[in-house]
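S.K.: Return a 3D structure for these sequence lines:
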Amino acid sequence: METPKLTHVVLVSSPGLGHLIPAVELAKRFVLLYNFKVTVIAVTSQTSRAETQILDSVLTPSLCHLIDIPSPDITAFVAQNDAVVTRLCVVMREARPAIRSVLSEITPRPSAVIVDLFSTETIPIARELNILGYVFIASHAWMLALLLYSPVLDELVEGQYVDQTEPIKIPGCKPVRPEDVLDPMLDRNDRQYTEYLKLANGVLQSDGVLVNTWEELQREELEVLREGGALSEALNMKIPIYAVGPLVREPLLETNSSTELLVRWLDQQPSKSVVYVSFGSGGTVSSEQMKELAWGLELSEQRFVWVVRPPTEGVADAAFFTTGSSGIDEVGKYLPEGFVSRTSEVGLLVLEWAQQVTILGHRSIGGFLSHCGWGSTLESVTNGVPLIAWPLYAEQRMNAALVAEGLGLAVRPRVLPTKKVVRREEIAEMVREVIEGVEGVKGNRVRERVKELQKSAMKAVSKCGSSYVALSQLANRIAG
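M.R.: As a prediction, the model looks like this:
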């Protein structure tokens, strides 16, 4: 009797939790649903405690094979003030020899390579080795549409995007306000813009694109991307688009003392009474904004868990490549005098990083003041937690526009937090809105809408749901 063919899939992830976590969750689906052998090639920053925890706790040898490639030394190829997008692109470019070596030597021979957005230069390597090459977009379909149309916009739009007086049009999609464009589009003279355009072209060289969304959430955007859709026609794009999300983490079974203390504190709070405040693994705010945020939380008179790190001035993603080793005394000097003692009974400060899925899944959490990274947004939705949208960098302004205005999942400040300091009174008002919620007001409508989409998300990934079917179609194509 002939032995069944073992299908081997390789996933390539660039540094950063926003890239690594969804890649890990995708890997788990291939193993658990289709019994594929999966190898994850993770190019890691070597500075993130959170990265290490995710890899150690999730990628067990029985589930996936992990190949950890330390981030190459790129000091000769970047300037000190180069943006994160530039650095990520250069890191993954310099990692190509190591990735090529792995793909050439691992057994059984991979049937497909699935790369994240910053790893698209691996697609030509897959081609040379006669391996199918796919791109996994860890964000949503509207962002993908803007990305793919950007080389056309580069020719059509004169001057800076942020100086345009009209929204930026994408065939078949909702237009994008100039202030909501992706970070690399903020300055067309910056090196990250050139790198960004290369990424867009790299996606189009693939055999298909996976998107971390689901059909019912973004049907219109997905249809314009597929063959026959307005954007697909404009780009002469014929590659399949697979909506396979939401790909989110499950709570980790951790026993470290800080997580235990946090959960014990949450256990003592009333249901849906706590606002969780976190700007992701890379986000930071200014010292003035940090003080206003503290005052706003105190004025709201609501319970809170706040993941704090030292402020920075003018660089919202300053923590992306840092180690995160500050102590409570260092952080405390940036908070209002007496804040820690005054709020000790209603608030909890967590240094640098926390087990976010454990927190969001707790019954006491009633709202999430978030940087609107797409992974965090999906974790909030799948736990039925309404959002306060506080975008900082990358595609987060676009995400905030989508969740607040397009989907009705969030309240948001009247001005972009990266443009102007959000004052304590407005912060207190937003926190009360999502936690207290009064019948007929926006906070209540947001909570109801989140519950609707929580059910929709769970249905999409369950057996016979839209994302389950899409991933099965891809798996069948890979298995041949």
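S.K.: Low-confidence ranges, the stretch 151-300 of the chain, go.
M.R.: 252-256 (pLDDT under 70).
S.K.: Tell me where it has strands.
M.R.: Using DSSP state E, counting those that start in this stretch, the strands of the stretch 151-300 of the chain run over residues 209-211, 241-243, 274-278.
S.K.: Please state the offset of the second one from the chain centre?
M.R.: Once both centres are worked out by Cα atoms, centre = their mean, to the nearest Å, strand 241-243 turns out to sit 17 Å from its chain's centre.
S.K.: what's the answer for the first one, then?
M.R.: Strand 209-211 sits 14 Å away from the centroid of its parent chain (Cα atoms, centre = their mean).
S.K.: Remind me what it packs against, helices and strands.
M.R.: Using 3 or more Cβ pairs under 8 Å, 6 or more residues apart in numbering; DSSP states H and E, the elements in contact with strand 209-211 are strand 132-137, helix 141-156, strand 241-243. The C-beta positions use only the backbone N, C-alpha and C, and glycine is treated the same way.
S.K.: okay if I get the ones you listed as CSV plus distance to Glu250?
M.R.: Formatted as CSV, the helices and strands packed on strand 209-211 follow (distance: least, Cβ to Cβ, whole Å):
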stretch, distance to Glu250
strand 132-137, 19
helix 141-156, 24
strand 241-243, 21
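S.K.: Serialize these to JSON lines and add fields for mean neighbour count.
M.R.: Listed next are those as JSON lines, based on neighbours: other Cβ atoms under 10 Å:
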{"stretch": "strand 132-137", "mean neighbour count": "24"}
{"stretch": "helix 141-156", "mean neighbour count": "20"}
{"stretch": "strand 241-243", "mean neighbour count": "23"}
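S.K.: one step back: the strands of the stretch 151-300 of the chain: which one's closest to Thr39?
M.R.: For Thr39, the closest of those is strand 209-211, at 17.0 Å, according to Cβ to Cβ.
S.K.: Indicate each strand paired with that closest one and its parallel or antiparallel sense.
M.R.: The strands beside strand 209-211 in its sheet (DSSP bridges) come out as strand 132-137 (parallel), strand 241-243 (parallel).
S.K.: what's across from Val115 in the sheet?
M.R.: In this entry, Val115 is beta-bridged to Val12, Val135, by DSSP bridges.
S.K.: Could you check how far it is from Lys272?
M.R.: Distance, Val115 to Lys272, using Cβ to Cβ, to the nearest Å: 39 Å.
S.K.: for Ile21, same thing?
M.R.: Shown here: Ile21 relative to Lys272, a distance of 25 Å by Cβ to Cβ.
S.K.: which one of these two has more residues nearby?
M.R.: Ile21 (25 against 20; other Cβ atoms under 10 Å).
S.K.: Now the more buried one: phi and psi?
M.R.: The phi/psi pair for Ile21 (degrees, to the nearest 10) reads phi -60, psi -50.
S.K.: my read: it touches Gly280, true?
M.R.: No: counting by Cβ atoms under 8 Å, Ile21 does not reach Gly280; the two are 11.0 Å apart.
S.K.: Quick one: residues in contact with the helix ranked longest in the chain.
M.R.: The longest helix of the chain (DSSP state H) is helix 442-461. If you take Cβ atoms under 8 Å, 6 or more residues apart in numbering as the criterion, helix 442-461 is touched by 214-217, 245-246, 378, 380-387, 407-411, 432-438, 465-468.
S.K.: Just the mean pLDDT for that helix, thanks.
M.R.: Mean pLDDT, helix 442-461: 93.
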